[in-house]
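# Using only what follows, build the 3D model:
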Amino acid sequence: MKKKTKYKLKNSIILIVFIVCFIFFIISLFNILKWKFDSHETEIQIEKIHEEIVIKEISDTENTEIIEQVEVIPKFNPYWDYIKMNMINVNFTDLKETNNHTMGWIQVNGTNINYPFVQTKDNKYYLNHTFDKSYNEAGWVFSDYRNKLDGTDKNTIIYAHGRIDTTMFGSLKNILKSGWLKNDNNYVVKLSTEYENTLWQVFSVYHIPTTSDYIQTEFRSENEYQTFLSTLLNRSSYNFNTSVNASDNILTLSTCYNEDDKVVLHAKLIKKETR
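Here you go, the predicted model:
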């Protein structure tokens, strides 16, 4: 009698373990298929946008402003090459017809980042909605809801998911690799908005346990802002030989490095042209 009871108990445990494993298998399979579907839909949107939207490189004009540098920059510094680079100009009419939240376009040298970016009333919606506003866990590239994006922001912040297929900000991890770092032509970011076209020089890159201390947008004084900038500069995992001070406007790009860490890039404004 005891043997039969033990036999039944053993079989019951095996059955329970099998059912649990099977449920986990089904859930995992569903998540994989869902991830692939989201990636496919994202790729379709990216291809469509790039087919329809013309990104023009524009030469400097009499309206181009080189941002004055407080410190003397050595002649060998690549800054002098950067300020000769063309900015980009994008017509946002068609993009806004698809998504009225469209605020600009971003390009990051040495990565796949070449997308329109959006902005809404919070930093949650575009974590799981794509450019056409359909639900998609790949999300989209979006600016912090606190930014004005009119040229007055001291810290313009742009986010996106770090997708393993390298879409969105998935290729931002490149900035921590020697291949990216060895090419100083990569140290620039180009933005185009309805207000202005801008060029930014990278001064800090790193990955860090998830924190919110680098996504501050308002500062009570120049001293507070300078302390903030010094923290970002000293945190960099690479020395770009680039100074930054309280007169500078900066750009921050942020995405996931893994489940616990973020990858972050900071760049300062060095050239702009009002549209």
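# Only C-alpha atoms from now on, for both contacts and neighbour counts.
Noted.
# Flag the shaky bits of the stretch 1-150 of the chain, pLDDT-wise.
Residues of the stretch 1-150 of the chain meeting the criterion pLDDT under 70: 1-35, 37.
# repeat that with 80
Applying pLDDT under 80 to the stretch 1-150 of the chain picks out residues 1-40.
# buried residues in the helix or strand where Thr227 lies?
Using DSSP states H and E, Thr227 maps to helix 222-235. For helix 222-235, a neighbour-count test (16 or more other CA atoms under 10 Å) marks 225-226, 228-229, 232-233 as buried.
# what helices or strands is it leaning on?
Applying 3 or more CA pairs under 8 Å, 6 or more residues apart in numbering; DSSP states H and E, one finds that helix 222-235 contacts strand 196-209.
# tell me which strands and helices the strand it packs on is in contact with?
Contacts defined by 3+ CA pairs under 8 Å, 6+ apart place strand 196-209 against strand 87-90, strand 188-193, helix 222-235, strand 261-274.
# out of these, which comes closest to Leu149?
strand 188-193 (7.9 Å; CA to CA).
# and the closest one with strand 196-209, angle?
130 degrees (axes from the mean of the first three to the mean of the last three CA atoms, to 10 degrees).
# Strand 188-193 vs strand 261-274, what angle?
Angle of strand 188-193 versus strand 261-274, following the same axes, to 10 degrees, is 60 degrees.
# show me the contacts for Ser243.
Contacts of Ser243 were listed using CA atoms under 8 Å, 6 or more residues apart in numbering, and they are 71, 203.
# Sorry, slip of the keys, the one I care about is Asn86.
For Asn86, counting by CA under 8 Å, 6+ apart, the contacting residues are 57-60.
# ok so, going back, please convert the helices and strands packed on strand 196-209 to JSON lines, extending it with distance to Thr102.
Shown next, in JSON lines, are those (distance: least, CA to CA, whole Å):
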{"stretch": "strand 87-90", "distance to Thr102": "12"}
{"stretch": "strand 188-193", "distance to Thr102": "9"}
{"stretch": "helix 222-235", "distance to Thr102": "28"}
{"stretch": "strand 261-274", "distance to Thr102": "18"}
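# Among these, which comes closest to Thr156?
Closest of these to Thr156 is strand 261-274, at 9.7 Å (criterion: CA to CA).
# List of residues touching that closest one?
Contacts of strand 261-274 (CA under 8 Å, 6+ apart): 63-68, 83, 172-173, 175, 188-189, 195-210, 232, 244, 248-257.
# and if we set it to 7 Å?
63-67, 83, 173, 195-210, 248-257 (CA atoms under 7 Å, 6 or more residues apart in numbering).
# all helices for this structure, in order.
2-52, 79-82, 93-98, 178-181, 222-235 (DSSP state H).
# how many degrees apart are the last one and strand 196-209 in direction?
For helix 222-235 against strand 196-209, the angle by the same axes, to 10 degrees is 60 degrees.
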